[in-house]
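**Student:** Need a 3D model of the following:
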Amino acid sequence: MSSADIEALDRLLREASTLGAIFGSLPRASAHDQRTHARKNFTAMAKKVHPDLVPASLKKRAGEIFQSLTTTWDKAEAAILDGTYEHAPAPLRAATFSLASSKAVYTLRETAFRSGTSSTIYQGVADGAITGPVLVKIARQPTSNPHLENEARILGIVQDAAPKSPIGVLSAYLPRHLDSFLVEDGARRLRSNAYSLRPGFVSVRDILDAFPRGSLAPQDAAWIARRVIAQALAAEVLGVVHGSIVPEHVLIHPLSREPLHIGWGTAQQTGAPSLLRPPPALRAYYPRDALDLGPASARTDVYMAATVVQELFGGDVVRHTLPKTIPPAITSLLQKCTASTPRSRPSGRDFLDEFTRLIRKEWGRTYRPLVLPVRSRAT
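**Tutor:** Numbering: from 1, shown residues only. Down below sits the predicted model:
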């Protein structure tokens, strides 16, 4: 795409009076089909200005327009689903702020992309030695700085490993860490990490919100569950305990079915004294041995992954029960993985292997892309 084409799209985004002027009028159809129709136009535009698909000299400008385009699409998608698209005006450009490190200047949307107990994540674009769309995670308090430093260290180990080694292979399934720097906030110094943005992913929490308890087809729950279990195995390969395998920390691409395992800030070496202090809302995912601050154990990750899987299948994560419609062998395996004593739980590898065998026996290996009935927060 030429510079003139990029600027033409910029003018369209700035000057369009309605969303329809950008993404086109909608057919008389269901909200799902309308979204699919409009998304084709969005995708065509996105391919033209994605920083990875333009010459190096245009990356900075293309990144800015790409960010504006995705912001506008977020609003258009929401308007389609709530029935206001035809009357919605095109949104003004999102307000931004800038941060600088020794590697790049980051222009970020003022509205947080996600916010957790220890950090806040902002979406934006980088310019400098690092270019293109990024996510920047900023510690909420200086006491959270070690979490972000720990996450950067673990991701660095994966990125520095030989590509075909057991650890190096994990790089396809973990965020790519680009930069770490400190942000001055008054008298506070807050650790910040920048990651490359991989669009199209939704969290398992998004999926659970989109499909109320028990309404997710078991065939879909099964392949998503394999990605959750794989996070426990990834930690096992790294020789750490992830310690926070919860629905918010496993991302899935609904179409490609790729996983992305996040939330490594509290990961610890196996056998170290546990430092886990989960927020009350997430305590149901943790085994008693972890809450009692026993030694960090890979079996903690197995328990947490199994609990998330039970929830995907419409089960009760407190009582560890599953609907009677779930095959008994799968129910038995998940109950074994949530046993009260760590030594009674299998390893991450054994859990994944046995779960894979059972679901393929039950449902085969048919490819099933996930279609979300309501809008989820995609990265």
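**Student:** which residues does residue 12 contact?
**Tutor:** 21-22 (Cβ atoms under 8 Å, 6 or more residues apart in numbering). C-betas here are computed from N, CA, C, even on glycine.
**Student:** looking at this, it is in a helix?
**Tutor:** Yes: counting by DSSP: H, G, I helix; E, B strand; the rest coil, residue 12 falls inside a helix.
**Student:** Could you check the pLDDT of it?
**Tutor:** We have a pLDDT of 89 for residue 12.
**Student:** ok, now how distant is it from residue 23?
**Tutor:** 10 Å (Cβ to Cβ, to the nearest Å).
**Student:** I'd like the distance from the helix or strand harbouring residue 221 to the chain centre, please.
**Tutor:** According to DSSP states H and E, residue 221 maps onto helix 218-238. Centre-to-centre, helix 218-238 and its host chain are 14 Å apart (Cα atoms, centre = their mean, to the nearest Å).
**Student:** pull the CA atoms of that helix into PDB?
**Tutor:** Provided in PDB are the C-alpha atoms of helix 218-238 (Å, rounded to 0.1, in the frame of the first residue of the first chain):
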ATOM      1  CA  PRO A 218     -18.900 -30.100  24.800                       C
ATOM      2  CA  GLN A 219     -16.900 -30.600  21.500                       C
ATOM      3  CA  ASP A 220     -15.900 -26.900  21.700                       C
ATOM      4  CA  ALA A 221     -15.200 -27.100  25.400                       C
ATOM      5  CA  ALA A 222     -13.000 -30.100  24.800                       C
ATOM      6  CA  TRP A 223     -10.600 -28.400  22.300                       C
ATOM      7  CA  ILE A 224     -10.500 -25.200  24.400                       C
ATOM      8  CA  ALA A 225      -9.800 -27.300  27.500                       C
ATOM      9  CA  ARG A 226      -6.700 -28.900  25.800                       C
ATOM     10  CA  ARG A 227      -5.200 -25.300  25.500                       C
ATOM     11  CA  VAL A 228      -5.900 -24.700  29.200                       C
ATOM     12  CA  ILE A 229      -4.200 -28.000  30.200                       C
ATOM     13  CA  ALA A 230      -1.300 -27.100  27.900                       C
ATOM     14  CA  GLN A 231      -0.500 -24.100  30.100                       C
ATOM     15  CA  ALA A 232       0.200 -26.500  33.000                       C
ATOM     16  CA  LEU A 233       2.500 -28.500  30.700                       C
ATOM     17  CA  ALA A 234       4.300 -25.300  29.500                       C
ATOM     18  CA  ALA A 235       5.100 -24.400  33.100                       C
ATOM     19  CA  GLU A 236       6.300 -27.900  33.700                       C
ATOM     20  CA  VAL A 237       8.700 -27.700  30.700                       C
ATOM     21  CA  LEU A 238      10.000 -24.400  32.100                       C
END
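**Student:** Contacts for the helix or strand following that helix, please.
**Tutor:** As assigned by DSSP H and E, the chain's next helix or strand after helix 218-238 is strand 240-241. Contacting residues not belonging to strand 240-241 are listed as 154, 235, 267-270, 296-298, 300-301 [Cβ under 8 Å, 6+ apart].
**Student:** Quick one: name whatever helix or strand follows strand 240-241.
**Tutor:** Following strand 240-241 in sequence, per DSSP H and E, is strand 250-252.
**Student:** shaky segments in the stretch 251-379 of the chain?
**Tutor:** 374-379 (pLDDT under 70).
**Student:** and if we set it to 50?
**Tutor:** 376-379 (pLDDT under 50).
**Student:** Can you show me the strands along it?
**Tutor:** Here the stretch 251-379 of the chain has its strands, by DSSP state E, counting those that start in this stretch, at 259-261, 268-269.
**Student:** How many neighbouring residues does residue 44 have?
**Tutor:** By other Cβ atoms under 10 Å, 9 other residues sit near residue 44.
**Student:** do you know how far the spatially closest residue to residue 182 that is not a sequence neighbour is from residue 350?
**Tutor:** With sequence-adjacent residues excluded and distances taken as Cβ to Cβ, 6 or more residues apart in numbering, residue 182 is closest to residue 189, at 4.8 Å. Applying Cβ to Cβ, the value for residue 189 to residue 350 is 44 Å.
**Student:** and if you look at residue 5?
**Tutor:** 53 Å.
**Student:** Over to residue 47?
**Tutor:** 42 Å.
**Student:** Then residue 46?
**Tutor:** Taking Cβ to Cβ, one finds residue 46 at 42 Å from residue 350.
**Student:** same check, this time on residue 130
**Tutor:** 40 Å.
**Student:** Name the residue in the two with the higher neighbour count.
**Tutor:** residue 130 (17 against 14).
**Student:** surely that one meets residue 180?
**Tutor:** No: the criterion here is Cβ atoms under 8 Å, and residue 130 misses it with residue 180 at 11.7 Å.
**Student:** Show me the common contact partners of the two, please.
**Tutor:** residue 194.
**Student:** burial count for residue 142?
**Tutor:** 14.
**Student:** ugh, wrong one, residue 97
**Tutor:** Using other Cβ under 10 Å: residue 97 sits among 11 other residues.
**Student:** Thanks a lot, see you next time.
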